[in-house]
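Undergrad: how does the following fold in three dimensions:
(2 chains)
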Amino acid sequence: MILLTRKPLDSEAITTTVHGDANGGVVTFLGTTRNETDARRVLYLEYEAYEDMAEKMLARIAQEIRERWGITDVSIAHRFGRLEIGEVSLVVAVASPHRAEAFAACQYVVDRIKQDVPIWKKEVFENGEVWVGTEGHQHSLPTPG
Amino acid sequence: MKARVRLFAILREKAGTSEVTLEMPDGSTVADLVKEMAHRYPALLEGVAHTMVAVNTEYVQQSQVLHDGDEVALIPPVSGGGPNRLAGDTI
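TA: Below you'll find the model as predicted:
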């Protein structure tokens, strides 16, 4: 199951979608919103997604773990919009006959999502805000050519 | 040809819009479109390094030729992003 939604994520329900009689292990990763970055207190977060592309890329990542580990029972759910501190922004659930593959595939999915799936996170502080991943890169965008 | 350009996150905020339609000469490339966007929205010049471009929801190289009706997205670094991105040129 691939899901992008503004609604709160039900991690138990998402985990249940990967259960199966052939599976001996289920690994679920929850990404949660943190209250501090670089000693600055975060008030809340805003996630933005390029929905069509993000859904397509999440489905492709699920296909990658099918090819690499033979795992077909995977669900990925990402929330966007405003999230309060401590809420769940990402759920990745992977099930396989043996636990080692489930752990490895779950980590792979989370790492891949953070590489190039077009979902952005803004941290809002008491005295400012920052799009994560762009801090320290506020220099000019070179004109191509 | 006409292309629909979508802007996200920090680039959307800098341009003050999430979407714009550009009329470009036939045969224009992604690089030409980026140049035109920077001309229309100078604030994008103060944008971010490592911005990438997607056409019709696939990362592409700057040399890619555009076609009428293409949806072009300017994609700033993603939330966990770093230098190890997988496909396409950075602007």
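
Undergrad: ok, residue A:71 - contacts?
TA: A:65, A:94-96, A:101-102, A:105 (Cβ atoms under 8 Å, 6 or more residues apart in numbering or on different chains). (Each C-beta comes from the backbone N, C-alpha and C, glycine too.)

Undergrad: need phi/psi at it.
TA: With angles defined as degrees, to the nearest 10, residue A:71 sits at phi -90, psi 130.

Undergrad: residue B:73 too?
TA: phi -120, psi 130.

Undergrad: which stretches of chain B form strands?
TA: According to DSSP state E, chain B carries its strands in the segments B:2-7, B:19-23, B:52-55, B:58-59, B:71-75.

Undergrad: can these go into a markdown table with extra columns for distance to residue A:89, mean pLDDT and mean neighbour count?
TA: Below are the strands of chain B laid out as a markdown table (distance: least, Cβ to Cβ, whole Å; pLDDT from 0 to 100; neighbours: other Cβ atoms under 10 Å in any protein chain shown):
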| stretch | distance to residue A:89 | mean pLDDT | mean neighbour count |
| --- | --- | --- | --- |
| strand B:2-7 | 22 | 97 | 19 |
| strand B:19-23 | 25 | 97 | 13 |
| strand B:52-55 | 22 | 95 | 22 |
| strand B:58-59 | 23 | 96 | 17 |
| strand B:71-75 | 19 | 96 | 22 |
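
Undergrad: is it possible to get CSV of these that adds distance to chain A?
TA: Converted to CSV, the strands of chain B look like this (distance: least, Cβ to the nearest Cβ, whole Å):
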stretch, distance to chain A
strand B:2-7, 7
strand B:19-23, 12
strand B:52-55, 6
strand B:58-59, 7
strand B:71-75, 5
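
Undergrad: circling back: let me know the closest of the contacts of residue A:71 to residue B:61.
TA: Nearest to residue B:61, judged by Cβ to Cβ, of these is residue A:65 at 27.0 Å.

Undergrad: quick one: neighbours of the closest residue to the closest one other than its chain neighbours, just the number.
TA: Closest residue to residue A:65 apart from its sequence neighbours, by Cβ to Cβ, 6 or more residues apart in numbering or on different chains: residue A:105 at 4.5 Å. Residue A:105 has 25 neighbours, counted by other Cβ atoms under 10 Å in any protein chain shown.

Undergrad: could you do residue A:17 as well?
TA: Residue A:17: 15 neighbours (other Cβ under 10 Å).

Undergrad: likewise for residue B:39?
TA: 11.

Undergrad: what is the end-to-end distance of stretch A:32-40?
TA: Distance between the boundary residues of stretch A:32-40 (Cα to Cα, to the nearest Å) amounts to 17 Å.

Undergrad: and the helices in chain A, which stretches?
TA: A:11-16, A:51-69, A:99-116 (DSSP state H).

Undergrad: show the average pLDDT along the second one.
TA: Taken as a whole, helix A:51-69 carries a mean pLDDT of 97.

Undergrad: now the angle from that helix to strand B:2-7?
TA: 80 degrees (axes from the mean of the first three to the mean of the last three Cα atoms, to 10 degrees).

Undergrad: all set, thanks.
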